[in-house]
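Peer 1: make a model of this:
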Amino acid sequence: MRPPSVDALARDIADVGLPHPLLVDAARRAIAAGEPESARRLAGALARSLLQPVVNATGVLLHTNLGRAPVAVSCDSRYANLEFDLATGRRGSRRHHAGALLARAAGAEDALVVNNCAAAVLLVLAALAVDRAVVVSRGELVEIGGGFRVPEVMAQSGARLVEVGTTNRTRRADYAAAVAADDPALLLKVHQSNYRIVGFTESVGVRALSELGVPVVADVGSGLLDAAVPWLASGPPAWVAEEPAVRQTLDDGAALVTFSCDKLLGGPQAGVIAGRSDLVARCARHPLARALRPGGLVLGALQDTALSYLRRDGDAIPFWRMAAVPVPVLRARADAVAAGAGRRVDVVDCESVPGGGTVPGLVIPSAGVALDGDHADALRAFDPPVIARVHDDRTILDLRTVDPADDAAVAKAIASLS
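Peer 2: Just a heads-up that it's a prediction; the model follows:
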């Protein structure tokens, strides 16, 4: 029996919705395997592998695998004044949009936006400390997700690492001795964002380090702009109490602060270097700055986020809107989801986490629905995919990380389970 025509088979599965060349690829693979009937399945698998919206019911607010902070991006198909000065009609700078707004919101003299926080640290070291010593506590030589380590980033920058103290205890005198012996360009303070050292410990704060006469660069990582959280009417939630904030770190004497934009800032993936204008300018002039700069779409989304902070409008930032929802509101939504699911579903209290390597070990009270058994695979196969978590052979859907507009989709996904 002759195999079907590749083109005919591709046209037969056109309802999958992929461009014809991709359907042809699926048809060819299916025919080559001797299973023409598998073409639709292969095309469907390809379609589901593409970027698409999902419903995050895991309770992890900053889920790294799901893009961390959710960001709404909407823009017209028009040009923008990305590097054009409307006042003079001459070339402008992409630095003077989102970066300037973030500097104002954080109380910094200036700020530079790059494509992530690791890039921000790399650029600072390359611009300010090439062939010179940078002092770091041994307790802060962290590894972040993907295996990227502070010593390796430093080696790539051309700076020379000087370790001081021990894993659990580093004193001011350790830094002072390194300053006297090595004439460092910078003192680097790295936030232990994704782990905790407890017990017999000692560390040195930014204020004490700034008294040693060497510029202090503090990588605060998570991007909490202000410990007072003035953008929430209810004030700072308890779970951010120990998180270092950009404004207060600068007030303590840091020359520069680096942080992520897609964590507690609640914006798109980017990194920021904020602080002294002369040092930010040196970073901006370095050749790496061009290689590490973000594009207009990211800067536009980040500008919207910064404007929300300046308006003190936390509700306009999806992360903070979800993080601040009272538990009774979540329970009421869970009751509605359970009623709409049409099957045995329990309304449960649960615990969300910030995620994204921020405030490890701390939880946020929440509520959601649960059902017996592991239904994670089936829920992921729903349209839109619903991502849940499984604990003790129960599938839990935490509504803190679900947009209320998706509650009906969650109920339908549960109802579809066999």
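Peer 1: what sits against the closest residue to Ala177 other than its chain neighbours?
Peer 2: Using Cβ to Cβ, 6 or more residues apart in numbering and skipping the chain neighbours, the partner closest in space to Ala177 is Val164 (7.4 Å). Any C-beta I mention is one placed from the backbone N, CA and C, and that applies to glycine too. Residues in contact with Val164 (Cβ atoms under 8 Å, 6 or more residues apart in numbering) are Val135, Val136, Ser137, Arg138, Thr170, Asp174, Tyr175, Ala177, Ala178.
Peer 1: quick check: phi and psi at Val164.
Peer 2: Val164 adopts backbone torsions of phi -130, psi 160, taken as degrees, to the nearest 10.
Peer 1: which parts of the stretch 251-400 of the chain are strands?
Peer 2: 256-260, 271-275, 346-355, 364-372, 386-387, 389-391, 394-398 (DSSP state E, counting those that start in this stretch).
Peer 1: minimum distance to Ala413: which of those has it?
Peer 2: Proximity to Ala413 (Cβ to Cβ) singles out strand 386-387 among the strands of the stretch 251-400 of the chain, at 4.5 Å.
Peer 1: now find how far off-centre the closest one is within its chain.
Peer 2: Computed by Cα atoms, centre = their mean, to the nearest Å, the separation of strand 386-387 from the middle of its chain amounts to 19 Å.
Peer 1: who does it pair up with?
Peer 2: strand 55-56 (parallel) (DSSP bridges).
Peer 1: any idea of the mean pLDDT for the partner strand?
Peer 2: For strand 55-56, the mean per-residue pLDDT is 97.
Peer 1: let's have the chain start at 27 instead
Peer 2: Renumbered: residue one is now 27, and that last one reads strand 81-82.
Peer 1: make TSV out of the strands of the stretch 277-426 of the chain and add mean pLDDT, mean neighbour count and distance to His122.
Peer 2: As requested, these are exported to TSV (pLDDT from 0 to 100; neighbours: other Cβ atoms under 10 Å; distance: least, Cβ to Cβ, whole Å):
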stretch	mean pLDDT	mean neighbour count	distance to His122
strand 282-286	96	30	19
strand 297-301	97	29	14
strand 372-381	94	19	32
strand 390-398	96	21	36
strand 412-413	98	24	39
strand 415-417	95	14	43
strand 420-424	97	24	40
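Peer 1: nearest to Val50, out of those strands?
Peer 2: When the strands of the stretch 277-426 of the chain are compared by Cβ to Cβ, strand 412-413 sits nearest Val50, at 31.2 Å.
Peer 1: which residues touch the closest one?
Peer 2: With Cβ under 8 Å, 6+ apart, strand 412-413 has contacts from 80-84, 89, 92, 402, 405-406, 423, 435-436, 439.
Peer 1: run the last query once more with 7 Å
Peer 2: Residues outside strand 412-413 that contact it (Cβ atoms under 7 Å, 6 or more residues apart in numbering) are Val80, Val81, Asn82, Ala83, Thr84, Leu92, Leu405, Arg406, Val436, Ala439.
Peer 1: now, which of the residues you listed sits nearest Arg415?
Peer 2: Taking Cβ to Cβ as the measure, Arg415 sits nearest to Thr84 out of the contacts of strand 412-413, at 4.9 Å.
Peer 1: which ones are touching the closest residue to that closest one other than its chain neighbours?
Peer 2: Leaving aside its chain neighbours, Thr84 sits nearest to Arg415 (4.9 Å; criterion: Cβ to Cβ, 6+ apart). For Arg415, the contact set (Cβ under 7 Å, 6+ apart) comprises Thr84, Gly85, Ile422.
Peer 1: contact partners for Val140?
Peer 2: Ala146, Leu149, Ala296, Gly297, Ile299, Leu318, Arg319, Pro320.
Peer 1: one more pass at 6 Å, please.
Peer 2: Shown in contact with Val140 (Cβ atoms under 6 Å, 6 or more residues apart in numbering): Ala146, Leu149, Gly297, Leu318.
Peer 1: can you list the residues you listed in TSV and add distance to Pro210?
Peer 2: Below are those laid out as TSV (distance: Cβ to Cβ, whole Å):
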residue	distance to Pro210
Ala146	19
Leu149	18
Gly297	23
Leu318	24
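Peer 1: and of the strands of the stretch 277-426 of the chain, who's closest to Ile39?
Peer 2: Of all the strands of the stretch 277-426 of the chain, strand 412-413 comes closest under Cβ to Cβ, at 25.3 Å.
Peer 1: follow-up on the earlier one: adding distance to Leu325 as columns, could you present the strands of the stretch 277-426 of the chain in CSV?
Peer 2: Conversion of the strands of the stretch 277-426 of the chain to CSV gives the following (distance: least, Cβ to Cβ, whole Å):
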stretch, distance to Leu325
strand 282-286, 15
strand 297-301, 12
strand 372-381, 25
strand 390-398, 30
strand 412-413, 29
strand 415-417, 34
strand 420-424, 32
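Peer 1: among the ones you listed, which is nearest His123?
Peer 2: strand 297-301 (12.9 Å).
Peer 1: what's the distance between Thr275 and Met180?
Peer 2: 20 Å (Cβ to Cβ, to the nearest Å).
Peer 1: give me the more crowded residue out of these two.
Peer 2: Shown here are Thr275 and Met180; by other Cβ atoms under 10 Å, Thr275 has more neighbours (27 against 22).
Peer 1: what residues are up against the more buried one?
Peer 2: Contacts of Thr275 (Cβ under 6 Å, 6+ apart): Val232, Ala244, Val246, Val283.
Peer 1: also Ala332?
Peer 2: Per Cβ under 6 Å, 6+ apart, neighbours of Ala332: Ala124, Leu127, Leu128, Ala131.
Peer 1: would JSON lines of those residues with distance to Arg338 be doable?
Peer 2: Formatted as JSON lines, these follow (distance: Cβ to Cβ, whole Å):
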{"residue": "Ala124", "distance to Arg338": "18"}
{"residue": "Leu127", "distance to Arg338": "14"}
{"residue": "Leu128", "distance to Arg338": "15"}
{"residue": "Ala131", "distance to Arg338": "10"}
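Peer 1: so where's the stretch 77-226 of the chain shaky on pLDDT?
Peer 2: Under the criterion pLDDT under 70, the flagged ranges of the stretch 77-226 of the chain are 170-174, 219-222.
Peer 1: can you pull up the most central residue in this structure?
Peer 2: What sits nearest the mean C-alpha location of the chain, by Cα atoms, centre = their mean, is Asp288, with 3.2 Å.
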